[in-house]
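>>> from the sequence below, what's the structure:
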Amino acid sequence: SFPGGRRDPADGDAVATALRETREELGVAVAATSVWGQLRTLPDRHGMTVAPVVANLGPLEALTLNPNPDEVEEVFTLPLAHLLREENQGYTHFRTASGYGYTLPVFLNGPHKVWGLTAIITELTLELLVPGRY
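The predicted model follows:
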């Protein structure tokens, strides 16, 4: 999943929360000027509202990640070209006990599968970054 967490009283807004969480979880200080914007808010499975924030971190090779082991089990990245390949895209179908069904996107990457809210946010981001290609 992406860095994230609850808004602290000291956070001015969703962007400030995202920047703080990225610093706390990944050890990456992102300047507010690197923020491109905020996607529409989404509900998570616990009824919380998630406000995805999109920022340009620059070349991944230039980043030094220092993940917080208390909050982050593993870090991996996916190139845009990988996400755009049809063989790495799919959908997972869910059905609830009441018979209600829904479909969510999934992105495949070797041992990793990007699914759930992370895949939804990835899909929304791809729709913005490469309209017509995704």
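>>> now do the domain split for the chain, please.
1-72, 75-133 (the TED database).
>>> can I assume Y102 is in contact with T92?
No. In this structure Y102 lies outside contact range of T92 using C-beta atoms under 8 Å: 9.5 Å. C-beta: built from backbone N, CA, C; applies to glycine.
>>> save the domains of the chain as a markdown table, and put in mean pLDDT and mean neighbour count too.
Compiled in a markdown table, the domains of the chain are given as follows (pLDDT from 0 to 100; neighbours: other C-beta atoms under 10 Å):
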| stretch | mean pLDDT | mean neighbour count |
| --- | --- | --- |
| domain 1-72 | 92 | 13 |
| domain 75-133 | 92 | 13 |
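>>> using CSV, write out every CA atom in stretch 118-134.
Coordinates of the C-alpha atoms in stretch 118-134 are reproduced here as CSV (Å, rounded to 0.1, in the frame of the first residue of the first chain):
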residue,chain,number,x,y,z
THR,A,118,-3.9,0.5,-3.4
ALA,A,119,-4.9,-0.9,-6.9
ILE,A,120,-7.9,1.6,-7.0
ILE,A,121,-5.6,4.5,-6.3
THR,A,122,-3.0,3.2,-8.8
GLU,A,123,-5.8,2.9,-11.4
LEU,A,124,-7.0,6.5,-10.7
THR,A,125,-3.4,7.8,-11.0
LEU,A,126,-2.9,6.0,-14.3
GLU,A,127,-6.1,7.4,-15.7
LEU,A,128,-4.7,10.9,-14.9
LEU,A,129,-1.1,10.4,-16.0
VAL,A,130,-1.7,8.5,-19.2
PRO,A,131,-5.2,9.1,-20.5
GLY,A,132,-6.0,7.0,-23.5
ARG,A,133,-3.3,4.5,-22.7
TYR,A,134,-4.9,3.0,-19.6
